[in-house]
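Novice: Starting from these lines, generate the structure:
(2 chains)
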Amino acid sequence: MDHAYRFTSPELVGRSLRETGYLATDRSCGAVYLGDRLGKPVLIEGPAGTGKTELAKSVAAMAGMRLIRLQCYEGLDEAKALYEWNYKKQLLRIQAERTGGVADWTELEADIFSEEFLLARPLLAAIRAADPVVLLIDEVDRLDVETEALLLEVLSDYQVSIPEMGTVTRTQTPLVYLTSNNSRELSEALKRRCLYLYLDYPSPEREKEIVLARVPGISESLSSQIAGLVASLRKLDLKKRPSVSETIDWARTLVLLSAQEISTDLVTDTLYVLLKYQSDIDKATAELATGF
Amino acid sequence: MLTAIDGIIAELRKIGVPVSIAERIDAVQSLEHLPLADRDLVKSALRAVLVKNHDHELAFDTLFDLYFAPTPGAPGEAGSESLGALDDAGLIDLLVLALGEGNDVLMRAIAGIFVDRHAGFEPGRPVAGTYYVFRTLRAVDPDRLIARLGSGAGAGTGVGGGPEPAAGSEAGAGSGDALGRRLQLESSQAQVNRFRQAVEAQVRQRLVADRGADAVARTLRRPLPEDVDFLTSSQEQIIAMRAVVDALSRKLGGRLAAKRRHRRRGALDFRRTVRASLGTGGVPIDPVFRKPNPAKPELFVLADISGSVATFAAFTLQLTFALRAQFSRVRSFVFVDGVDEVTDVLQRAPDIIDATRQINAAGSGVWLDGRSDYGHALESFWQQWGDQVRRRTTVIVLGDARTNYHNPAAGTLKAVRQRAGHVFWLNPEPRAAWNSGDSVIGRYEPFCDAVRECRNLRQLRAFVAELE
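Specialist: Modelled structure (predicted):
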């Protein structure tokens, strides 16, 4: 690899991430570190609300790099992901040539298909950027299978081939993160080009730390009770399991209510912060009331 | 080290995890950047490089522990000498303390000593080690351990009947109500589970030392979640499959909807028209139109819920349940020797377990003796709901087509096929068993768009992919 390494060790990655307010697991740090060392994109998969996007943002903040984000959706095409010709400007150029007099067509053609008329979309912008960047391709599983192939050239060689112009190669190697909610199986070709990181719900101990770090004025015992209860709720068969951000919201609520410890009544009254479906709330209330 | 990596890759490929040559190269390259003494780091790095699917990670973890096994009883394990002097009761006291504090090194050392003392390890026996794990845990008595952990960390709320409360842990839920006890119990269970895993790891280390990693890997080989046979899967496996099924049904819904995208033109797409006109000097010769939103298809699912396919039926009901969200209209029918519509039951029930219970309680699908009669089921379906089958309708039949030598009434399926857009049949039996005995799948096959063997999630996934 011809680029300078950005991170010196996984532990250091973990420590710097912690400074930005993101508590990463050893696995996440290892993947971030290795992604930089091998010059490979990192595919982050896991349930919603476990900090996949946040990880990429925190890495950008930690390394002081610009974040370029491509939000994927069904129907995204290359004009929005890779590049597009600035046709209005091209038209103007052609018109200007006409009014100006006779012009050599080949010269004009070479002119209107030059970088000046190219609108760089996120993928192209990331590899052409002069400064170091983090490229975040969010929710890549929402792309159609055909569009997924658009990413392959960028991800493996960090280059984009434009038929009219030739190949645009990288000016620097961006750090690339892809996130996926696993709503569909990504193609083998895409997975092969990436490192894989599965972000699951945090363990109660880690979630307690997250709550302590994110919610000011919360006591240690309350946060560990919160973490324990949320972990217990996630074991139930719910429509939507509480995410980490919902845990934090709930912790804030409890602090506002100046609760010292959680009791069944308190939980039942504030459950709507954690669970977003009435059927889930009913189920959890019944479960918690019975204990074991 | 390289032989270990090659061993892991070979074993992964054997159980069906795809590992490409490029990934092998990456694995070796990644080692250049890592401190090789840090075992956890090497493990997570190799996992990130080699395994690209969460369901396969468990298989990888087991293999890594086999091929990168630390030698048992190595001097690195803290204080194993002095621990060895304690008797079992003393060790358990210490274990309670170690678990409460989350001291993993001590916990692992204690697990090692228990395995040495109680597993009754016999060199050279080609077993997978579950027997040794069982014997070790019997000496520890996990249930009592849970009770002691509960009383120890419960800050004196006195839940179980433990002899002496150990040092209070800050994880203790102070409130003495049911909720606090529940949380306490769960955390104790999680701790004991960690100990169980440590014991398993210790047993495996000894097996590897005895017979070598390759041999142990062979005895431990287990099918991946997607290869588990529907008809023989255990309750836990079915639960594990649930998440995958939910995702699959979303895909299935997407695919069927995409199939129905017509070539009909929508409104003019001005931006893309101008863009396309550049090639002709700005004259819009080829107008570009937006694609219309596809009409959501309608799905009729007919599921066999008779005894011979009971586990498959539980799974098909779940699939139907998950499909509801994807289709404008999913109508679900269950049959044994008659047919009943269960759309409402599935709609109202909060979850699939409740729905299954209701369906079983109502005896849906059973009209006569409760033995499958595909012919009668199809005929009654056709009579009652046949006129509601339309071109937009996709009919999926889930069943083994074992009709107990009744008349298969294949002509009825033909009539359904003529009205419906598509008819698919998923059969949970191995293809070799088709058309043997009372299986009449061959009689139905001509009237289906496709008949597929669907014994595991891998095949179901293949079916979904094929619909494209």
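
Novice: For the rest of this, base every contact and every neighbour count on C-alpha atoms.
Specialist: Fine.

Novice: Nearest spatial neighbour of the closest residue to chain B within the stretch 151-292 of chain A, chain-adjacent residues omitted?
Specialist: Closest contact between the stretch 151-292 of chain A and chain B, by Cα to the nearest Cα, is at A:Tyr196 (4.5 Å). Distances taken as Cα to Cα, 6 or more residues apart in numbering or on different chains put B:Ala48 closest to A:Tyr196, at 4.5 Å, once the chain neighbours are dropped.

Novice: what do you get for A:Asp249?
Specialist: Here the residue nearest A:Asp249, using Cα to Cα, 6+ apart, is A:Val273, at 7.0 Å.

Novice: just to revisit the earlier point, what sits against the residue nearest to A:Tyr196?
Specialist: Neighbouring residues of B:Ala48 by Cα atoms under 8 Å, 6 or more residues apart in numbering or on different chains: A:31, A:195-197.

Novice: May I see these arranged in TSV, with pLDDT as well?
Specialist: TSV is the format used below for those (pLDDT from 0 to 100):
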residue	pLDDT
A:Ala31	91
A:Leu195	92
A:Tyr196	93
A:Leu197	92
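
Novice: and those as JSON lines, adding secondary structure and distance to B:Asp344?
Specialist: Below are the contacts of B:Ala48 laid out as JSON lines (DSSP: H, G, I helix; E, B strand; the rest coil; distance: Cα to Cα, whole Å):
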{"residue": "A:Ala31", "secondary structure": "helix", "distance to B:Asp344": "47"}
{"residue": "A:Leu195", "secondary structure": "strand", "distance to B:Asp344": "45"}
{"residue": "A:Tyr196", "secondary structure": "strand", "distance to B:Asp344": "41"}
{"residue": "A:Leu197", "secondary structure": "strand", "distance to B:Asp344": "41"}
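
Novice: Rebuild the residues you listed as JSON lines, extending it with distance to A:Tyr158 and neighbour count.
Specialist: Listed next are the contacts of B:Ala48 as JSON lines, based on distance: Cα to Cα, whole Å; neighbours: other Cα atoms under 10 Å in any protein chain shown:
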{"residue": "A:Ala31", "distance to A:Tyr158": "19", "neighbour count": "28"}
{"residue": "A:Leu195", "distance to A:Tyr158": "15", "neighbour count": "28"}
{"residue": "A:Tyr196", "distance to A:Tyr158": "18", "neighbour count": "28"}
{"residue": "A:Leu197", "distance to A:Tyr158": "21", "neighbour count": "27"}
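
Novice: hang on, B:Asp340 in a helix?
Specialist: No: under DSSP: H, G, I helix; E, B strand; the rest coil, B:Asp340 sits outside any helix and is assigned strand.

Novice: returning to what we had before: which pLDDT does the model give the residue nearest to A:Tyr196?
Specialist: Listed pLDDT for B:Ala48 reads 90.

Novice: Then B:Arg329?
Specialist: In this model, B:Arg329 is scored at 74, pLDDT.

Novice: pretty sure it is touching B:Glu298, no?
Specialist: Yes: counting by Cα atoms under 8 Å, B:Glu298 is a contact partner of B:Arg329 at 5.0 Å.

Novice: how about the residues of chain A near chain B?
Specialist: Counting by Cα under 8 Å from any Cα of the partner chain, the positions of chain A adjacent to chain B are A:26-27, A:30-31, A:34, A:37-38, A:87, A:91, A:182-184, A:191-192, A:194-198, A:221, A:224-225, A:228-229, A:232, A:261-264, A:279, A:288-292.
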